[in-house]
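Undergrad: could you work out the structure for the sequence below:
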Amino acid sequence: MKKIVIIEDDRRIAQNIKRGLQDEGYAAEVVYEGINGREIALKPGVDLLIVDINLPGINGFEVCRSVRSAKPHLPIIILSALGEVDDKVEGLGLGADDYLVKPFDFRELIARIEVCLRRVELTNGPVIESGTLWRVANLTVNSLTKEVWRGESAIELTAREFALIEYMIRNRGRVLSKMDIAEHVWQLQHDPGSSIVEVYINYLRKKIDRDFSPKLIHTRMGMGYVLKEEDE
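TA: Okay, the predicted model is just below:
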């Protein structure tokens, strides 16, 4: 049985989510403030974290940052009344896998939970040996150990950043549209008004390209992005 930890200071919302998750066959634990929530989320046996932003103790952004640093592949869903684009970008930038705005339909929350858990199972399931190690120039991506290197330098990525670079390197030399990326990395239909793909491409460029040569992530105006050596 998958265990989900809910960090939410509104007791009514938290208990409703807990009961709903239990009805769906999940084990659920509720914590009402940030510090204890972080400690519980870091314990073994947690399969997914749902966290509010406005929490007593430390806020959800800080919880997300700490948990993501210690557990790079634990799915995190932010559930908050803060629905501005800047809030979403900050939460996703700190490593959250998804962001759902209150009020919400519980069916949508369940659907997003299932997507996150399925992605983890697919990522950590059986891997074909010949497809575990991917290279372009001096960039190496190991699908099995989730490690990324530029030359001798290890690159620390969030789970979502890793999913993006893995998708790009598996499709090296191919121009990937924003729709392709949104569907394969987020399992979502691309919203033309959303900047999330551009945001994550910029995160990767800062970590993978900015201080290294050759540059590998290239924009094709009006078409999308491609990972390749420029002279390929």
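Undergrad: all contacts plus neighbour counts: C-alpha atoms, from now on.
TA: Fine.
Undergrad: ranges for the helices of this protein?
TA: 11-23, 34-41, 60-70, 85-93, 106-124, 159-170, 178-185, 196-204 (DSSP state H).
Undergrad: format these as JSON lines; extra columns: distance to residue 144, mean pLDDT and mean neighbour count.
TA: Listed next are those as JSON lines, based on distance: least, CA to CA, whole Å; pLDDT from 0 to 100; neighbours: other CA atoms under 10 Å:
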{"stretch": "helix 11-23", "distance to residue 144": "31", "mean pLDDT": "94", "mean neighbour count": "15"}
{"stretch": "helix 34-41", "distance to residue 144": "24", "mean pLDDT": "92", "mean neighbour count": "21"}
{"stretch": "helix 60-70", "distance to residue 144": "18", "mean pLDDT": "89", "mean neighbour count": "20"}
{"stretch": "helix 85-93", "distance to residue 144": "24", "mean pLDDT": "88", "mean neighbour count": "17"}
{"stretch": "helix 106-124", "distance to residue 144": "7", "mean pLDDT": "82", "mean neighbour count": "15"}
{"stretch": "helix 159-170", "distance to residue 144": "11", "mean pLDDT": "92", "mean neighbour count": "20"}
{"stretch": "helix 178-185", "distance to residue 144": "17", "mean pLDDT": "88", "mean neighbour count": "18"}
{"stretch": "helix 196-204", "distance to residue 144": "20", "mean pLDDT": "94", "mean neighbour count": "17"}
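Undergrad: make CSV out of those and add distance to residue 50.
TA: Compiled in CSV, the helices of the chain are given as follows (distance: least, CA to CA, whole Å):
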stretch, distance to residue 50
helix 11-23, 10
helix 34-41, 10
helix 60-70, 10
helix 85-93, 12
helix 106-124, 9
helix 159-170, 16
helix 178-185, 20
helix 196-204, 20
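Undergrad: out of those helices, which is closest to residue 134?
TA: helix 159-170 (6.7 Å; CA to CA).
Undergrad: ok now the closest one, how far from the chain's centre?
TA: With CA atoms, centre = their mean, to the nearest Å as the basis, helix 159-170 stands 10 Å off its chain's centre.
Undergrad: quick check: domain ranges of this protein?
TA: 3-124, 129-227 (automatic domain parsing).
Undergrad: which one of the helices of the chain lies nearest to residue 133?
TA: Of the helices of the chain, nearest to residue 133 by CA to CA is helix 159-170, at 9.8 Å.
Undergrad: got the angle for the closest one vs helix 106-124?
TA: 50 degrees (axes from the mean of the first three to the mean of the last three CA atoms, to 10 degrees).
Undergrad: ok now do residue 172, which residues does it touch?
TA: Residues in contact with residue 172 (CA atoms under 8 Å, 6 or more residues apart in numbering) are 136, 226-228.
Undergrad: just the ones of the residues you listed in strands?
TA: Among the contacts of residue 172, DSSP state E puts 136, 226-227 in strands.
Undergrad: contacts only, for residue 22.
TA: Residue 22 neighbours (CA under 8 Å, 6+ apart): residue 28.
Undergrad: from residue 108, how far out is it?
TA: 16 Å (CA to CA, to the nearest Å).
Undergrad: ends of stretch 28-38, how far apart?
TA: 15 Å.
Undergrad: same check, this time on stretch 205-224
TA: Start-to-end span of stretch 205-224 (CA to CA) is 15 Å.
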